[in-house]
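S.K.: Sequence plus the predicted model coming up.
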Amino acid sequence: MLLLKTKKDKRLDQAQEKIILIEKNLKSVLIERDDTVEAIIRGMLSAQNVLLLGPPGTAKSLTIQMMCDHITEGKYFQTLLNKFSTPEDVFGPYSIKKMEDDIFERNIEGWLPDAHFAFLDEVFKANPGVLNSLLSVMNERVYFNGRTPLNIPLFSLIGASNEVPDEDDGLEALYDRFQIKILTQPIRETSGFERMMVTNFKTLTPEVTLTVGEIQHLQAMVQDVKLEGEQLEQILSLHDTFIREGCPVSDRMWKQSLDAIKACAVMKGRDTIQEEDLEFYRFMLWTDPDKQHVITNLIYEEVNPDKQEALKLVDLAVDVLDQIRKNKSPKDRMTESVAGITKIRELMKKLSEIKRKRAKHKADTSDLDPFSVQLHGIAQELIDEVGIDGGITFSTDK
């Protein structure tokens, strides 16, 4: 695996340096999976659970496995659930020897209660006997083995699903225990897809690793991060905004999500929450995937207006593409596509102008790069959709 070098930072201890480097390495290898990588690492540091929502084949299990490859001494459990899955498939078989003494306890070694990381694919498809037993595991990190409550070493439980459960499924309690939720999609950029096709992920080996003890040390650092006046005021303002806009969030979610926000600060080498850390709320304060975009917009409006404006530009580009796709006339589509390309060029220029204004104030502009990637991806889709000459370029930085 490519090993990225970073300058020695005296503010960081060794475990912090390692986890920051691991994150950079994973982002450099896993194409268009920055959000997933960040979610898994912040979930690990804050002892929160992560749900990956998206179609099959979007590198959900690969991302988790590659993260776990960077952990030495850690135990990893993975299984695919279905309606025929039994508690034995997750928590281990009953001990025959103990059953002879009328004691019904499971042999948990090598099963979920013994793991530091657990990945449950198709997590909402298991039967109630499995899912109900997960509730205390996910929330309190306690597994009841027979009558014996066991404190388990689980850092994070990661679930994957193609869809959220229906209201009639009775899985609201389980769904609510996934504090961090990521929507995964197939690779969009042609250059990224090409990289994926030529990369042999099986040959990649970690050059930086963390021990279980170092993760526990980082988790303690997360708990020591401070929430001070200005950022507390922003959270209070967000809370009021969500109520006003009809987007209620439970008190439990507000409280639990704060640890993931603290983890963001640790990943930036700080012991105090700053404004940029609050952006991570966009992965936690929604339940309906259809409203995730609305929630993100509300959060950006409070903590990063430049990103809110960039998000609007991407939305406009998506509208242009969708409108062209709805037109069934080849001639009209070609005409609209030429106009659409001009429109997307204008949107790219506006984004470049936002970056230039930031740069004049010596502010970092890298957080706007994903929006540039999205605009270029939409432009490429437009070219591919109507068969326009691929030699058209969309550079607007000059």
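M.R.: Sure thing, it's come through.

S.K.: those strands in the stretch 101-250 of the chain, which residues are they?
M.R.: 117-121, 142-145, 148-151, 156-161, 180-183, 210-211 (DSSP state E, counting those that start in this stretch).

S.K.: Please name whichever of those strands is nearest to L382.
M.R.: strand 180-183 (22.5 Å; CB to CB). (C-beta placed from N, C-alpha, C; glycine too.)

S.K.: How far does the helix or strand of the chain with the lowest mean pLDDT sit from its chain's centre?
M.R.: Ranked by mean pLDDT, DSSP states H and E, the helix or strand of the chain with the weakest confidence is helix 369-386, at a mean of 82. In terms of CA atoms, centre = their mean, to the nearest Å, the centre of helix 369-386 is set 22 Å apart from its chain centre.

S.K.: And for stretch 111-123?
M.R.: Mean-position distance between stretch 111-123 and its chain equals 18 Å (CA atoms, centre = their mean).

S.K.: Would you reformat the strands of the stretch 101-250 of the chain as JSON lines and include mean neighbour count, distance to E230 and mean pLDDT?
M.R.: As requested, those are exported to JSON lines (neighbours: other CB atoms under 10 Å; distance: least, CB to CB, whole Å; pLDDT from 0 to 100):
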{"stretch": "strand 117-121", "mean neighbour count": "24", "distance to E230": "35", "mean pLDDT": "96"}
{"stretch": "strand 142-145", "mean neighbour count": "18", "distance to E230": "37", "mean pLDDT": "94"}
{"stretch": "strand 148-151", "mean neighbour count": "12", "distance to E230": "37", "mean pLDDT": "94"}
{"stretch": "strand 156-161", "mean neighbour count": "25", "distance to E230": "30", "mean pLDDT": "96"}
{"stretch": "strand 180-183", "mean neighbour count": "22", "distance to E230": "24", "mean pLDDT": "97"}
{"stretch": "strand 210-211", "mean neighbour count": "18", "distance to E230": "32", "mean pLDDT": "96"}
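
S.K.: Switch those strands over to a markdown table; also include distance to L52.
M.R.: Below are the strands of the stretch 101-250 of the chain laid out as a markdown table (distance: least, CB to CB, whole Å):
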| stretch | distance to L52 |
| --- | --- |
| strand 117-121 | 9 |
| strand 142-145 | 23 |
| strand 148-151 | 26 |
| strand 156-161 | 5 |
| strand 180-183 | 5 |
| strand 210-211 | 21 |
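
S.K.: I'd like to know which of these is closest to D384.
M.R.: strand 180-183 (22.8 Å).

S.K.: so which strand or helix has T86?
M.R.: Here T86 is covered by no helix or strand, with elements defined by DSSP states H and E.

S.K.: So that it lines up with my notes, have the first residue be 6 from now on.
M.R.: Sure, I'll start counting at 6 from here, so that last one is T91.

S.K.: Touching, it and L136? I think so.
M.R.: No: if you go by CB atoms under 8 Å, T91 and L136 don't touch, sitting 11.8 Å apart.

S.K.: With neighbour numbers in mind, choose between those two.
M.R.: Counting neighbours by other CB atoms under 10 Å for T91 and for L136 shows that L136 has the greater number, 22 against 12.

S.K.: Would you mind stating the distance between the more buried one and G175?
M.R.: 9 Å (CB to CB, to the nearest Å).

S.K.: which stretches of the stretch 256-403 of the chain form helices?
M.R.: Shown for the stretch 256-403 of the chain, the helices assigned by DSSP state H, counting those that start in this stretch span residues 256-272, 297-308, 310-331, 335-365, 374-391.

S.K.: Tell me the buried residues in the last one?
M.R.: The neighbour-count check on helix 374-391 (16 or more other CB atoms under 10 Å) flags 376-377, 379-388, 391 as buried.

S.K.: next one: the first one
M.R.: Buried residues in helix 256-272, defined by neighbour count with 16+ other CB under 10 Å: 258-259, 261-272.

S.K.: Domains in the protein, by residue range?
M.R.: What automatic domain parsing lists as the domains of the chain is 19-216, 230-302, 309-391.
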